[in-house]
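Chemist: below are the sequence and a predicted model for it; my questions follow.
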Amino acid sequence: MGVLVRRARISGVLLGAGPLAASTVGTGVRAGGTASNGARTRLLTTSSAHGRHSAKTRLAAKMKRWQLSDGTSRKSLGRADGGVAGPLQVSASATTSPPASSDPSSAGSAATATTAPPVPQHPKRRGWDFYRETLGSPKYVVAPMVDGSELPWRLLSRRYGAQLAYSPMINAQTSRANPLITDELFTTCAQDRPVIVQFCANDPDTLLAAARYVEHACDAVDLNLGCPQNIAKRGHYGAFLQDDWPLIERLVRTLHDNLSVPVTAKMRILEDADKTVEYARMLERAGAQMIGVHGRRREQKGQHMGLADWAVIKRVVEAVGVPVLANGNVLSKADADRCIAETGAAGVMSADSNLLNPALFSDQRLPVMQLSAEYLDLAERYPVPLRIVRSHLFKIWRVALAEAPELREQLGNSHSIAQFRTIQHELSGVLDAAAAAYRAAPAYDPTDLFGEFWVAQGVPRVVIDAADRRNATLLERRKRLTDRKGDRATKRPRTEEEERAFVAAQRKASAEAIRRKEERDAVRQCQLCHIHVRSKGCEHGACRRCCVTKCRADEVECEKHFGKKKFERKSAARDASRKAAHEEAEATGSTSQGAKVVAAAAEALAAREDCEKGSDATALREGAA
């Protein structure tokens, strides 16, 4: 097949790029050798939802076509007009230059070359070669976060020690239906490397189509197998795929066999450590070249968060032959180094703690206002949806907003970077005053680093072992009860074995409560689509849409939703209402002209509905015949 040539006019220059030349970064061309003399590299920055381009321009860009050098064409994977670029953002402006000439006019011809040279097809790197050569052996990684690891935040984290970053999680199904969603969620630039794009999916073909849209603008594509939220349960992706290993293997293998970049996966541990190890080995066999392991189970979320289990991560590291990134229990650079030492993982990724402190992987303790100011500068330079900017500010300003609750509502109603800066200026004064009062207090302890609320830092989890966060409260409550009973035998501190048994019992009770809740949710679900809540009184145990569809297809009736039974129910209700109205009129002796007109109109309406009912019943009988 001929070399792909993308035609885009930028500042009057006609550009051409091959399938791998589109991944040029800085001054080098990834997997394509070095650029020839006279070649220039140009970055195409992406406009966001509140960018500078009209909807007409974006639509025209979406409908652009790729052109082949032999004259044929096929549908473009990204936007390719002069003003906008999709995920394929880094393009070689001229990969071939004409022979050097002493004529000064020849300099212009070199800049307008339109022929792309053949790009060498190197085999993609695997395992540790991919980790060392392509990614540069990163130890500190920004984990993928929904609406949290966008370009400005990735750049801010890289500024303070992060060596690899993931994009926000992108739903492959919505991305395939509307590529503009991917353009909004994933943007990149020359400083944003290496970068991995993460997708969630449950269909191999859909996942492959979405991954091909971005494969030339990233270093790898990651499959999300760790999202524990309810939306992942409803959509059947993330951590709720871990019960269907054959599907996961098909997803990973499809990407491994068809993409030009490696595929990675991010998973959660299972209840059984041995099964977790087999799970990771299955991912490796399917083609995953790097595995991220979150040391918490699927049920550990929200108030049941608990601590990550590094011992299971260590077993996974020892069992597989590809790099492993550990995730969980990292609040600082010291925690990250300790995690690497204890688990043997190649690197550590952070999500929640990174949202509270983007300088997590540095040894610096920076004020939150300094970091938020830098982030606003980056968000203004690389525009992203304002909802994402607002979400970051709510998290990083959480302490300052507690001191000034009136500004919290103002932040929620702000719709521009300028308004965010105004709030930041007001919050700075509030936070400085609170910090001065804190230092002047008699109980001030300079060694209590977590007490310095004006400094960006993660929040430690006060829990016992790897059980629920509620265990500390439950233990305190149990101690108060035993103290009131006066049982001296139970006042003594529990031994380590007793504590472990108690924690195990609490964990079992929590798992049982979660199981019962899932059973109740399953009973309430529509029996046909298993998504919507079923209607109360439906004979088929379905939602209204599914019930009507079934009734029409199977030529059956439902008293709640469709057919003669529904008409009879409504008719009975109408007759009862009419009888009550007549009785009320007779009791009050109302014989006014207006009442007679209303009664006549009601009779006419009832007669018409009876005719419609009869005709619908006749139609149903004819259809059944």
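Modeler: Now that the structure is in, tell me what you want to look at. Numbers count the residues shown, from 1 in each chain.
Chemist: over to Val455: give its phi and psi.
Modeler: Here is the backbone geometry of Val455 (degrees, to the nearest 10): phi -100, psi 140.
Chemist: quick check: bridge partners of it?
Modeler: On the basis of DSSP bridges, Val455 is bridged to Pro367.
Chemist: and Val293, what element?
Modeler: strand 288-294 (DSSP states H and E).
Chemist: that strand packs against which elements?
Modeler: Counting contacts by 3 or more Cβ pairs under 8 Å, 6 or more residues apart in numbering; DSSP states H and E, strand 288-294 is packed against strand 220-225, strand 263-268, helix 273-286, helix 310-319, strand 324-327. C-beta here means a position set from N, CA and C on the backbone, and glycine is covered the same way.
Chemist: mean confidence score for that strand?
Modeler: Strand 288-294 shows a mean pLDDT of 96.
Chemist: could you check the angle that strand makes with strand 263-268?
Modeler: Between the axes of strand 288-294 and strand 263-268, defined by axes from the mean of the first three to the mean of the last three Cα atoms, to 10 degrees, the angle is 20 degrees.
Chemist: before we move on, back to that, the helices and strands packed on strand 288-294: which one's closest to Gly127?
Modeler: The closest of those to Gly127 is helix 273-286. By Cβ to Cβ, the value is 8.7 Å.
Chemist: only alpha carbons, please: show that closest one as CSV.
Modeler: C-alpha atoms of helix 273-286 as CSV (Å, rounded to 0.1, in the frame of the first residue of the first chain):
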residue,chain,number,x,y,z
ALA,A,273,-3.6,-14.0,45.7
ASP,A,274,-2.9,-17.1,43.6
LYS,A,275,-5.8,-16.2,41.2
THR,A,276,-4.4,-12.7,41.0
VAL,A,277,-1.1,-14.1,39.8
GLU,A,278,-2.8,-16.2,37.2
TYR,A,279,-4.8,-13.2,36.1
ALA,A,280,-1.6,-11.2,35.5
ARG,A,281,0.0,-14.2,33.6
MET,A,282,-3.0,-14.4,31.4
LEU,A,283,-2.6,-10.7,30.5
GLU,A,284,1.1,-11.3,29.7
ARG,A,285,0.2,-14.3,27.4
ALA,A,286,-2.4,-12.2,25.6
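Chemist: that one - contacts with which helices or strands?
Modeler: Here helix 273-286 touches helix 245-258, strand 263-268, strand 288-294, helix 310-319, going by 3+ Cβ pairs under 8 Å, 6+ apart.
Chemist: strand partners of the strand holding Val293, parallel vs antiparallel please.
Modeler: strand 263-268 (parallel), strand 324-327 (parallel).
Chemist: what about those strands, which gets the closest to Thr588?
Modeler: Comparing the strands paired with strand 288-294 by Cβ to Cβ, strand 263-268 comes nearest, at 69.5 Å.
Chemist: ok, residues contacting the closest one?
Modeler: Residues from elsewhere that reach strand 263-268, judged by Cβ atoms under 8 Å, 6 or more residues apart in numbering: 143-144, 196, 198, 220-226, 228, 239, 242, 252, 255-256, 279-280, 283, 287-294, 296-298, 327.
Chemist: list buried residues within those residues.
Modeler: 143-144, 196, 198, 220-226, 228, 239, 242, 252, 255-256, 279-280, 283, 287-294, 296-298, 327 (16 or more other Cβ atoms under 10 Å).
Chemist: now the strands for the stretch 301-450 of the chain?
Modeler: 324-327, 347-350 (DSSP state E, counting those that start in this stretch).
Chemist: need these in a markdown table with mean pLDDT, can you?
Modeler: Shown next, in a markdown table, are those (pLDDT from 0 to 100):
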| stretch | mean pLDDT |
| --- | --- |
| strand 324-327 | 96 |
| strand 347-350 | 95 |
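Chemist: just to revisit the earlier point, as CSV, the helices and strands packed on strand 288-294 with distance to Pro246 would be great.
Modeler: Rendered in CSV, the data for these read as follows (distance: least, Cβ to Cβ, whole Å):
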stretch, distance to Pro246
strand 220-225, 14
strand 263-268, 15
helix 273-286, 10
helix 310-319, 21
strand 324-327, 23
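Chemist: picking up where we left off before, could I get the strands of the stretch 301-450 of the chain as a markdown table with distance to Arg516?
Modeler: Output for those, formatted as a markdown table (distance: least, Cβ to Cβ, whole Å):
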| stretch | distance to Arg516 |
| --- | --- |
| strand 324-327 | 29 |
| strand 347-350 | 33 |
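Chemist: from memory Gly148 sits against Val389, does it?
Modeler: No: between Gly148 and Val389 there is no contact under Cβ atoms under 8 Å: 11.2 Å.
Chemist: quick one: which of those two has more around it?
Modeler: For the pair Gly148 and Val389, the greater number of neighbours falls to Val389 (24 against 20), based on other Cβ atoms under 10 Å.
Chemist: now do the contacts for the closest residue to the more buried one other than its chain neighbours.
Modeler: The shortest distance from Val389 to any non-neighbouring residue, by Cβ to Cβ, 6 or more residues apart in numbering, is to Ala379 (5.0 Å). With contacts defined as Cβ under 8 Å, 6+ apart, Ala379 is in contact with Pro152, Val389, Ile417.
Chemist: separation between the second one and Tyr382?
Modeler: In this case it means Val389. Distance of Val389 to Tyr382, given as Cβ to Cβ, to the nearest Å: 11 Å.
Chemist: common neighbours of these two, please.
Modeler: Pro152.
Chemist: helices of the stretch 51-200 of the chain, start to end?
Modeler: 55-62, 106-111, 127-129, 151-159, 172-177, 179-185 (DSSP state H, counting those that start in this stretch).
Chemist: buried set for the shortest one?
Modeler: By 16+ other Cβ under 10 Å, the buried positions in helix 127-129 come out as Gly127.
Chemist: poorly predicted segments of the stretch 1-150 of the chain, please.
Modeler: When residues are selected by pLDDT under 70, those of the stretch 1-150 of the chain lie in 1-123.
Chemist: contacting residues around Ala572?
Modeler: Contacts of Ala572 by Cβ under 8 Å, 6+ apart: none found.
Chemist: wait, a helix at it?
Modeler: Yes: assigned with DSSP: H, G, I helix; E, B strand; the rest coil, Ala572 falls within a helix.
Chemist: next one: it from Arg193, what distance?
Modeler: Where Arg193 is concerned, Ala572 sits at a distance of 70 Å (Cβ to Cβ).
Chemist: ok, now which ones touch Val293?
Modeler: 266-269, 280, 312-313, 316, 324-327, 345 are the contacts of Val293 under Cβ under 8 Å, 6+ apart.
Chemist: partners of it in the sheet?
Modeler: Bridge pairing for Val293 (DSSP bridges) gives the partners Met267, Ala326.
Chemist: how much space between it and Ala143?
Modeler: Taking Cβ to Cβ, one finds Val293 at 11 Å from Ala143.
Chemist: what do these two both touch?
Modeler: Lys266, Asn327.
Chemist: roughly how far does Pro385 sit from Asp352?
Modeler: Counting by Cβ to Cβ - Pro385 and Asp352 are separated by 21 Å.
Chemist: and what of Ser414?
Modeler: When Cβ to Cβ is the yardstick, Ser414 and Asp352 sit 24 Å from each other.
Chemist: same question, Ala581
Modeler: Ala581 is 62 Å from Asp352, by Cβ to Cβ.
Chemist: quick check: closest non-adjacent residue to Val316.
Modeler: Distance criterion Cβ to Cβ, 6+ apart; nearest residue to Val316, sequence neighbours excluded, is Ala280 at 4.6 Å.
Chemist: and Ile248, by the same measure?
Modeler: Leu241 (5.5 Å).
Chemist: ok, the one you found touching Leu247?
Modeler: Yes: Leu241 is within contact range of Leu247, at 6.2 Å (criterion: Cβ under 8 Å).
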